[in-house]
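Asker: Got a sequence here, can you build the structure:
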Amino acid sequence: MIRNLIFALLSLAGVVSTAQQIDYEEYDLANGLHVILHEDKSAPVVVTSVMYHVGAKDERPDRTGFAHFFEHLLFEGTEHIARNEWFKIVTANGGQNNANTTDDRTYYYEVFPSNNLELGLWMESERMLHPVINQIGVDTQNEVVKEEKRLRIDNRPYGNILKAIKEKLFTKHPYRWTTIGEMEHLDAATLDEFLAFFDKFYVPNNAVLVVAGDIEKKETKRLIERYFGSIPRGEDVVRNVYKEDPITQPIEATWEDPNVQIPMYAAAYRTPSMKERDAYVLDLISTILTGGKTSRLYKKMVDEEKKALDVGAFNNSQEDYGMYIIYSLPMDGVSKEEIISAYDEQIRELQTNLISDKEFQTLRNKFENSFVNSNASIQAVADNLATSYLLYNDTSLVNRSIEILKSITKEEIKEVANKYLNPNQRLILDYIPEKSTTSK
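Answerer: Residues are numbered from 1 along each chain as shown. Got it, this is the predicted structure:
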């Protein structure tokens, strides 16, 4: 249940392809739009996608939720696509589409039969050049976002766990607020503020267009120039740089949730950017600790000692900083101190001793399998190409990330565990049932 909450997975559409090098071509249009083409003729499917370099971290502290709001708002319609017609057009032409937002970027995509490549490009160019942003759309999507927040966060057990962690782990960086933001900020925003946000961030020089699938490159380039080439370049986006002070003393926090009956005890550590090698090592550490029922923490806490109903650990890598989070639901009668002690026991083991050759090989096998699966559809390839370019500044990582993981040594795992996962560098969060609820 909790794993499904924290790892809400994007449904992948498209065609399964074999594990192989992802060939691509990339170039820039005169207006600054970066273009990546990937040709795969294994099935008559094409993905048209645009990733904008705008997320929750680009918002004002009193206007949070804007990037996620635009994820919804830019489906409202354009000068040439009537309101409420976007999804109808896609469906009527045998396609599907979606969008998603993080703290760092916003991603839109369509998956069409390849004979509708031009339609997909036209629709994404319409979204960039001719969106209709008016009060009717703002008011409509405001209600949609409020309902989403109620359903997915406020009324869902443990739905505010990331909010509770982020607001304590970060004090300066905009990562301290959530992607969905605060509804009072959206209520207070004016139409002019929404228009200004669009004009600043949703411009070709702040985006990457990926076209992947059954395409002919020459014709695709012609269509891209036709539909995107005339879009005016925007002002260069200048971002503030936020540097957090190191955490040197443990932080204690409590969050009360009326939707839960069992507490959750979490330990959260601030970790480096997704672009740092150490972030890859932390991914490996997560798998060692809780990557399946034979992993160290799960086997010890759930199977052997019966201290927890569930336990998980993951490194939430982001563009500027990451968060390494360990969480568990204790069995009845098990104290917070026992849970935290169990975390620390396994971390100390990693900090003190090298993992065995057998465990190391199993770990590498898991990540090789994960890498193959990560490019198992045309849509997934398009997403990975866009992410590699936009957030990592290195498109070749779509092929090279597995080599980085395979180059990590057992000594590095020990070193990184000692570098980031210490008791004085973390937040301990008591995520507990609301006291008024438990006292009834």
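Asker: Could you measure from the residue lying closest to Leu329 once chain neighbours are set aside over to Val238?
Answerer: Nearest residue to Leu329, sequence neighbours excluded (C-beta to C-beta, 6 or more residues apart in numbering): Leu309, at 4.3 Å. No exception for glycine: its C-beta is placed from N, CA and C like everyone else's. Distance, Leu309 to Val238, using C-beta to C-beta, to the nearest Å: 47 Å.
Asker: In terms of neighbours, single out the busier of the two.
Answerer: Leu309 (16 against 6; other C-beta atoms under 10 Å).
Asker: List the contacts of that one.
Answerer: Going by C-beta atoms under 8 Å, 6 or more residues apart in numbering, Leu309 touches 262, 302, 328-331.
Asker: My reading is that it is in a helix; is that accurate?
Answerer: No: assigned with DSSP: H, G, I helix; E, B strand; the rest coil, Leu309 falls outside any helix and is strand.
Asker: quick one: pLDDT of it?
Answerer: Residue-level confidence at Leu309 comes out at 96, pLDDT.
Asker: quick one, phi psi at the residue nearest to the spatial centre of the chain?
Answerer: Per C-alpha atoms, centre = their mean, the C-alpha nearest to the average position across the chain is that of Thr102, at 5.0 Å. Thr102 has phi and psi values of phi -130, psi -170 when expressed as degrees, to the nearest 10.
Asker: Could you do the one 5 residues further on as well?
Answerer: Main-chain dihedrals, Tyr107, degrees, to the nearest 10: phi -130, psi 130.
Asker: Could you double-check that it lies in contact with Ala99?
Answerer: Yes: in terms of C-beta atoms under 8 Å, Tyr107 counts as a neighbour of Ala99; the distance is 6.2 Å.
Asker: For the two, indicate the residue with more neighbours.
Answerer: Ranked by neighbour count (other C-beta under 10 Å), Tyr107 and Ala99 place Tyr107 first, with 23 against 17.
Asker: dump the residue contacts of the more buried one.
Answerer: Residues near Tyr107 by C-beta under 8 Å, 6+ apart: 49-52, 99-101, 383, 386.
Asker: Repeat that for Lys41.
Answerer: Contacts of Lys41 by C-beta under 8 Å, 6+ apart are Asp214.
Asker: Relative to Lys57, how far out is it?
Answerer: Applying C-beta to C-beta to Lys41 and Lys57 gives a distance of 38 Å.
Asker: and what of Val238?
Answerer: 14 Å.
Asker: Helix or strand: which one has Thr48?
Answerer: strand 45-52 (DSSP states H and E).
Asker: residues near Lys275, how many?
Answerer: Neighbours of Lys275 under the rule other C-beta under 10 Å: 16.
Asker: Oh, that last question was meant for Lys410, not what I typed.
Answerer: Count around Lys410 with other C-beta under 10 Å applied: 16.
Asker: Glu219 too?
Answerer: Neighbour tally, Glu219, other C-beta under 10 Å: 11.
Asker: so who does it touch?
Answerer: Glu219 neighbours (C-beta under 8 Å, 6+ apart): none.
Asker: List the buried residues for whichever strand or helix holds it?
Answerer: Glu219 is part of helix 217-228 when elements are defined by DSSP H and E. Buried positions in helix 217-228, judged by neighbour count with 16 or more other C-beta atoms under 10 Å: 220-221, 223-224, 227-228.
Asker: swap in stretch 169-177?
Answerer: By 16+ other C-beta under 10 Å, the buried positions in stretch 169-177 come out as 169-170, 173-177.
Asker: same check, this time on stretch 92-99
Answerer: Neighbour-count burial for stretch 92-99 flags 95, 97-99 (criterion: 16+ other C-beta under 10 Å).
Asker: Give me the residues contacting it.
Answerer: Stretch 92-99 is contacted from outside by 10-11, 13, 71, 74-75, 86-87, 90, 106-113, 116, 119-120, using C-beta under 8 Å, 6+ apart.
Asker: next one: stretch 144-151
Answerer: Residues contacting stretch 144-151 (C-beta under 8 Å, 6+ apart): 65, 68-69, 72, 180, 183, 186.
Asker: In the stretch 301-440 of the chain, what residue spans correspond to strands?
Answerer: Along the stretch 301-440 of the chain, counting by DSSP state E, counting those that start in this stretch, strands occupy 308-316, 322-330, 426-433.
Asker: Make JSON lines from those and add distance to Asp245 to it.
Answerer: Below are the strands of the stretch 301-440 of the chain laid out as JSON lines (distance: least, C-beta to C-beta, whole Å):
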{"stretch": "strand 308-316", "distance to Asp245": "20"}
{"stretch": "strand 322-330", "distance to Asp245": "16"}
{"stretch": "strand 426-433", "distance to Asp245": "14"}
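Asker: Any idea which of these gets closest to Ser401?
Answerer: With respect to Ser401, and counting by C-beta to C-beta, the nearest of the strands of the stretch 301-440 of the chain is strand 308-316 at 14.1 Å.
Asker: For the closest residue to Ser49 other than its chain neighbours, give me its contacts.
Answerer: Among residues not flanking Ser49 along the chain, Tyr109 sits closest, at 3.6 Å (C-beta to C-beta, 6+ apart). Residues in contact with Tyr109 (C-beta under 8 Å, 6+ apart) are 47-50, 97-99, 379, 382-383.
Asker: What is the nearest of these to Tyr324?
Answerer: The closest of the contacts of Tyr109 to Tyr324 turns out to be Asp383 (C-beta to C-beta; 23.5 Å).
Asker: so the closest one touches His38, yeah?
Answerer: No: using C-beta under 8 Å, Asp383 is not in contact with His38, being 11.3 Å away.
Asker: picking up where we left off before, okay, the contacts of Tyr109 in CSV with distance to Leu191 and pLDDT next?
Answerer: Shown next, in CSV, are the contacts of Tyr109 (distance: C-beta to C-beta, whole Å; pLDDT from 0 to 100):
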residue, distance to Leu191, pLDDT
Val47, 33, 98
Thr48, 29, 98
Ser49, 28, 98
Val50, 24, 98
Asn97, 26, 96
Asn98, 26, 96
Ala99, 21, 97
Gln379, 34, 95
Ala382, 33, 97
Asp383, 32, 97
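Asker: one step back: the strand holding Thr48 pairs with which strands, and in what direction?
Answerer: Within its sheet, strand 45-52 is paired with strand 106-113 (antiparallel), strand 207-213 (antiparallel), according to DSSP bridges.
Asker: Can you check which of the ones you listed gets nearest to Ile22?
Answerer: Between Ile22 and the strands paired with strand 45-52, the shortest separation by C-beta to C-beta is 9.0 Å, and it involves strand 207-213.
Asker: C-alpha coordinates for the closest one, CSV please?
Answerer: C-alpha atoms of strand 207-213 as CSV (Å, rounded to 0.1, in the frame of the first residue of the first chain):
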residue,chain,number,x,y,z
ALA,A,207,12.0,22.9,-23.6
VAL,A,208,13.0,19.8,-25.4
LEU,A,209,10.9,18.1,-28.1
VAL,A,210,11.3,14.3,-28.5
VAL,A,211,9.9,12.4,-31.4
ALA,A,212,10.3,8.7,-31.2
GLY,A,213,9.0,5.7,-33.0
